[in-house]
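[1] predicted model and sequence follow; I will ask about them next.
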Amino acid sequence: MELPKKRLGNVLVEAGLITPEQLAQALELQEAAGVRLGQVLVARGLVNDIDVAKTVAAQMGLSFIPDAELRPDPAVARLIPESLARRFLVLPLEERGDRLVLGMVDPFNVFAADEVRKIVGREITPVVVTERGLNKAVQQVYYLEGLPDAPPPARVEKKPGYRVREAAEDAPTVRLANSIIQRAIDERASDIHVEPQANGLRIRYRIDGVLQEALALPEAAHATLVSRLKIMAAMDISERRLPQDGRIQIKESDREVDLRVSTLPTIHGEKVVIRVLDKTRGVMQLAQLGFTPQTLERYLAAIKQPHGTVLVTGPTGSGKTTTLMATLQELNSPGKNIITVEDPVEYYIPGVNHVQINPKAGLGFASGLRAILRQDPNIIMVGEIRDRETAEIAIRAALTGHLVFSTIHTNDAAGALNRLVDMGVEPFLVASSVNAILSQRLVRLLCPRCKEPYVLAPGAAERAGLGLPDHPIRLFRAAGCPACNNTGYSGRVGLFEILTVTPAIRGLVTQKAVAGVIAGQAVAEGMRPLLEDSVDKAIRGLTTLEEVLRVGFAEKY
């Protein structure tokens, strides 16, 4: 089949996806940057990769294969080397008689098609795929190529350690480890899980707060892959009986990624979890986090006090650090000395002094906080209040004229006040030093391309649990499409409640009132509970009731 002799830009203009003026501007940028035209158009937000692929396929009379349906035959795909597949963004998918079906991101690239035709020695049938889908398929196909034929982990441990190290440093194992990490970064994963199973090795990524299976590997790959990751993290590869912690730093041009590696012995071998911290990602603005105007106004009033303590509470992974960094960016100015003590340092804000704790060297939250107080600070951020000592130092710092921010693990805002008292801090100190507590959760945002409306029927079980009125309500559900990897969700948004410590609440804290009583008073004074905020976002079509129920809430006030 002869490939069409049109150009991508002309096809997109003919289809009405872009204007001639936009094409001209994109061509100038393409020439200056030396990248493909499609990349420029997608990066500028003029089109998305799926629309480009579908339009090209329709205009040229070719088939389009969505990402979810892209399942190449590994034996056929490996008819060409990986370097050529990545260079020309092509991949053989299957054989049809005497022809080869070739997935192509750019079907106008006749040179790529000719090169593949020469290598495989047969005619090709081109089909159109997205670049994202092709890159995933390339990784999947070439992951296992050349991996050492190692025995299961239990038997590897009986062999000399240097043999495992040699295998771990083989090119296929290095490529496998690098590909797993690179794919996690590309897909915005927050964690990588390398999990030995009874009959294989499972790789999962946590994306938007939910674990998703990314790859299944043979059992033989476990020992060398784990050893390679431990070598990269400067860990002891001969020690497999005890947990270990390590760190990998990746620097690529203007990108810096910090990987925190943790191993844990299980009955099937060592499990590895890697926390992915992209230090070059920008700090979000408070207005981007999902605050309602009312809640944001109350929060801004609390953080702009000259002194006192502001706490952010919620479970692990609820976005507390993101909120605090956005807060510091809001307050950052040349006239203020802002110092943080964190574990780990996830974001870097120019003009802010970030301190990484080092327990092995004796630098913890409490000792770091004491040192910060000798540095003439205006604003202090403590990564987490974990014990009485840290809590007391933070509160006394607030009472002596500093503005202190920190996080604490409780289910709701009112519970944070009780938690400080339970730690041993005197109630009168808590009442007089805390300005406000922000409680938050994260829920996944519905994919705007594929979300489906529906009407919640009267009498549905969700109504009672979420306090919904008994009349028809228009909501949305997750459908799934190639743009969101068929999950139905893309990105996350925050749910918030803010408890402002008023004179009435100070009195309740001094009297050691329970959290429910304090929360009831806060609601009476204008606090919008988390549950109400979450239901409102579901009704507005930002998320689903399933997400609200997945996150879970304490009892209604």
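    Good, I have the coordinates.

[2] for Thr502, the count of nearby residues, please.
    14 (other CB atoms under 10 Å). Heads up, the C-betas are built off the backbone N, CA and C, glycines and all.

[3] same question but for Pro81, I mixed them up
    12.

[4] and stretch 516-535, what's buried?
    518-523, 527-535 (16 or more other CB atoms under 10 Å).

[5] where does the residue nearest to Gln22 when sequence neighbours are not counted land in three-state SS?
    Nearest in space to Gln22, with sequence neighbours left out and distances taken as CB to CB, 6 or more residues apart in numbering, is Leu46 at 5.7 Å. Using DSSP: H, G, I helix; E, B strand; the rest coil, the structure places Leu46 in coil.

[6] now do the contacts for Leu46.
    With contact taken as CB atoms under 8 Å, 6 or more residues apart in numbering, Leu46 is in contact with 17-18, 22, 26.

[7] and it, what pLDDT?
    Here the pLDDT value assigned to Leu46 is 76.

[8] where do the helices sit along the stretch 401-550 of the chain?
    413-422, 427-433, 461-466, 503-510, 515-524, 530-539, 545-551 (DSSP state H, counting those that start in this stretch).

[9] of all the ones you listed, which lies closest to His193?
    Set against His193 and scored by CB to CB, the helices of the stretch 401-550 of the chain come closest in helix 545-551, at 18.9 Å.

[10] tell me which other helices or strands the closest one touches.
    Applying 3 or more CB pairs under 8 Å, 6 or more residues apart in numbering; DSSP states H and E, we find helix 545-551 packed against strand 434-446, helix 461-466, helix 530-539.

[11] centre of the chain to that helix, how far?
    For helix 545-551, the separation from the chain centroid amounts to 18 Å (computed by CA atoms, centre = their mean, to the nearest Å).

[12] cool, and stretch 15-30?
    32 Å.

[13] kindly report the same for stretch 265-281.
    Counting by CA atoms, centre = their mean, stretch 265-281 is centred 14 Å from the centre of its parent chain.

[14] which other residues reach that stretch?
    So stretch 265-281 is contacted by 153-154, 181, 184-185, 189-198, 222-223, 226, 229, 240-243, 248, 254-264, 344-348 (CB under 8 Å, 6+ apart).

[15] most neighbours among the contacts of Leu46, please name it.
    Top of these by neighbour count (other CB under 10 Å): Ala26, with 22 neighbours.

[16] not counting its neighbours along the chain, what's nearest it?
    Using CB to CB, 6+ apart, the nearest residue to Ala26 is Val40, at 4.7 Å.

[17] and for Asn48?
    Val42 (6.2 Å).

[18] ok, the one you found - contacts?
    48-49, 52.

[19] at which residues are the strands of the stretch 101-250 of the chain located?
    124-128, 191-197, 200-207, 210-217, 244-252 (DSSP state E, counting those that start in this stretch).

[20] can you list the strands that the third one pairs with?
    Sheet partners assigned to strand 200-207 using DSSP bridges are listed as strand 191-197 (antiparallel), strand 210-217 (antiparallel).

[21] would you tell me which of these gets closest to Gly103?
    Of the strands paired with strand 200-207, nearest to Gly103 by CB to CB is strand 210-217, at 19.4 Å.

[22] nearest residue to Ala519 in space, ignoring adjacent ones along the chain?
    According to CB to CB, 6+ apart, the nearest residue to Ala519 is Ala414 (3.9 Å).

[23] count the neighbours of the one you found for me.
    Neighbour tally, Ala414, other CB under 10 Å: 31.

[24] Val509 is in contact with that one, correct?
    No: taking contacts as CB atoms under 8 Å, Ala414 lies outside contact range of Val509: 9.6 Å.

[25] common neighbours of those two, please.
    Joint contacts of Ala414 and Val509 (CB under 8 Å, 6+ apart) are Ile518.

[26] tell me the buried residues in stretch 440-455?
    Applying 16+ other CB under 10 Å to stretch 440-455 flags 440-447, 450-451 as buried.

[27] state the mean pLDDT of it.
    89.

[28] repeat for stretch 276-286
    80.

[29] what's across from the nearest residue to Ile124 once chain neighbours are set aside in the sheet?
    Spatial nearest neighbour of Ile124, chain neighbours left out: Leu102 (4.5 Å); criterion: CB to CB, 6+ apart. Beta bridges link Leu102 to Pro92, Pro126 when assigned by DSSP bridges.
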